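# got a sequence here, can you build the structure:
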Amino acid sequence: MPKVLLVEDDEQLAKFLMRFLNSEGYATDYAGGQKDALRLFGENVYDCILLDISLKDGSGYSVCAAVKAENDTPVIFITASADEACTVAGFEIGADDYIGKPFGTRELLARMKNVMRRHQRTSPLLQCRNVSVDPIRGIVYKNGAELTLSALEYRLLLVFFSNKNQLLSRDRLAEELWSLTKEFVSDNTLSVYIRRLREKIENDPQQPEIIITVRGLGYKAVDA
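This is a model prediction of the structure:
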């Protein structure tokens, strides 16, 4: 489910947009000001940010600049300040699109889908259920929060997520670890790393739903 951060000081408009986005299958967080927006951005991973320019405790320009300094999350300005100077200023600090108020919800949705498609072509994420991997930056997220994995755990997860819903034998996985460490990987060592990985990515490591065991054959990353 795509995740959106809505930063808007008009609470009535924000409630309306959140209901609409939720009905369209988007998980939406809300911030009424700059401070809350930056806090939520620091705690979560978003597919798109909808950002007003005039905020209660700051400027949408400052939020956009902070976002773009950290990563390339798509930003769409939604504002009544739709004159040329404001538009140019927004694009100069990295905004991906600009839509003036009032606007139609279908137009907003189309613009969101467009900027997210452009972003995905340059920064594809590997995702399985509530866990995602950014292979360009080498970062793993669970429910939007960054996870700390060892090099071997990350390599294993990358193999699983690059081969979702495909059976991977223990020999294949051991070869992947060997190619990284150049050391023999015993059957027990592989089991240890599978267990450690599950402890970090699964909601219940004793009842795994992401990396499942196919008895006698190997493992499979299930995205369902």
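# please identify the buried residues of stretch 138-156?
Of all the residues in stretch 138-156, those buried under the rule 16 or more other Cβ atoms under 10 Å are 139, 140, 141, 142, 147, 149, 152, 153, 154, 155, 156. In this view, the C-beta of every residue, glycine as well, is placed from N, C-alpha and C.
# can I get those residues in CSV with pLDDT, secondary structure and distance to residue 79?
Shown next, in CSV, are the buried residues of stretch 138-156 (pLDDT from 0 to 100; DSSP: H, G, I helix; E, B strand; the rest coil; distance: Cβ to Cβ, whole Å):
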residue, pLDDT, secondary structure, distance to residue 79
139, 84, strand, 31
140, 89, strand, 35
141, 90, strand, 29
142, 90, strand, 33
147, 89, strand, 35
149, 89, coil, 40
152, 82, helix, 47
153, 87, helix, 43
154, 86, helix, 40
155, 84, helix, 44
156, 88, helix, 45
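# got the contact list for residue 132?
With Cβ atoms under 8 Å, 6 or more residues apart in numbering as the criterion, the residues that contact residue 132 are 45, 125, 126, 140, 141.
# kindly recompute the last result at 7 Å.
For residue 132, the contacting residues are 125, 126, 141, by Cβ atoms under 7 Å, 6 or more residues apart in numbering.
# nearest to residue 92 among the residues you listed?
residue 125 (27.3 Å; Cβ to Cβ).
# can you tell me the SS state at the residue positioned nearest the centre of the chain?
Among the residues of the chain, residue 45 comes closest to the average C-alpha position under Cα atoms, centre = their mean, at 4.2 Å. Classification of residue 45 using DSSP: H, G, I helix; E, B strand; the rest coil returns coil.
# check what pLDDT it gets.
On pLDDT, residue 45 comes in at 80.
# could you measure from the spatially closest residue to it that is not a sequence neighbour over to residue 157?
Across the structure, with Cβ to Cβ, 6 or more residues apart in numbering as the measure, the residue nearest residue 45 apart from its sequence neighbours is residue 144 (4.5 Å). Relative to residue 157, residue 144 is positioned 17 Å away (criterion: Cβ to Cβ, to the nearest Å).
# then residue 170?
Taking Cβ to Cβ as the measure, residue 170 and residue 157 are separated by 16 Å.
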